[in-house]
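1. model this:
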Amino acid sequence: MEVILKEDVRKLGHKNDIVTVKDGYANNFLFPQGLAILATASAKKQLAETIKQRAHKEEKLVADAKAVAEKVNGITVTIPTKVSQSGKIYGSVNNIQVAEALAALGYEIDRRKIELKDADKISEIGTYEALIDIYRGVEATVKVNVVDEEGKVTEKKEAAE
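-> Okay, the predicted model is just below:
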């Protein structure tokens, strides 16, 4: 089934994309959540007109996103967490903590656009990477330095890259 996305849907597409999905996914998730509409001929024609009218605005949005990506790319954020004597962290480090650390540095990034690479492998102090999807095709990489909040453990292990 072809649908037109009304919002960005992670791992599916961006707003105003026409994508093909299984009927059940569209009927049970996308339509009830208001994330998509059926891609009928009239809806496609209306989408084409909307895209045509927004073309110049799109260029500005891409330019702004690239500027933000240049500023954020390569930044290292430090996230203090509770750590055992052996260097294992208690709990987990997630995208919310990364978004808060970026906000403290003056960069307002939506937490849903941050994806920690190998998030399930963040179990020790060290340096990891987070990928930020700023806008369509505009991404930035941020280094996440996980440290002991009390300073007991001084030995840091680097994540395999």
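
2. Show me what counts as buried in the helix of greatest length in the chain.
-> If you go by DSSP state H, the chain has its longest helix at helix 55-72. Neighbour counts over helix 55-72 (16 or more other Cβ atoms under 10 Å) mark Ala65, Val68, Ala69, Val72 as buried. Every residue, glycine included, has its C-beta placed from N, CA and C.

3. In the protein, mark out all the helices, start to finish.
-> Using DSSP H, helices in the chain cover 23-25, 41-53, 55-72, 95-104.

4. any idea how far the longest helix of the chain is from the chain center?
-> Relative to the centre of its chain, helix 55-72 is centred 16 Å away, using Cα atoms, centre = their mean, to the nearest Å.

5. I'd like to know how far the residue nearest to Leu12 when sequence neighbours are not counted sits from Val77.
-> Leaving out its chain neighbours, the residue that sits closest to Leu12 by Cβ to Cβ, 6 or more residues apart in numbering is Val19, at 6.0 Å. Noted for Val19: a distance of 33 Å to Val77, by Cβ to Cβ, to the nearest Å.

6. re the thing from before, turn the helices of the chain into a markdown table, including mean pLDDT and distance to Gly34.
-> Shown next, in a markdown table, are the helices of the chain (pLDDT from 0 to 100; distance: least, Cβ to Cβ, whole Å):
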| stretch | mean pLDDT | distance to Gly34 |
| --- | --- | --- |
| helix 23-25 | 95 | 15 |
| helix 41-53 | 90 | 15 |
| helix 55-72 | 87 | 22 |
| helix 95-104 | 91 | 23 |
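
7. List just the one of those helices that sits closest to Ser123.
-> helix 95-104 (15.0 Å; Cβ to Cβ).

8. before we move on, back to that, and Val19 and Val77? which has more neighbours close in?
-> Counted by other Cβ atoms under 10 Å, Val19 and Val77 do not tie: Val77 has more neighbours, with 21 against 17.

9. ok, the residue nearest to that one when sequence neighbours are not counted to Asn95 distance?
-> In this structure, Val77 finds its nearest non-sequential neighbour in Ala101, 3.8 Å apart by Cβ to Cβ, 6+ apart. In this structure, Ala101 and Asn95 are 10 Å apart, going by Cβ to Cβ.

10. Spatially central residue in this structure, please.
-> Lys113 (2.0 Å; Cα atoms, centre = their mean).
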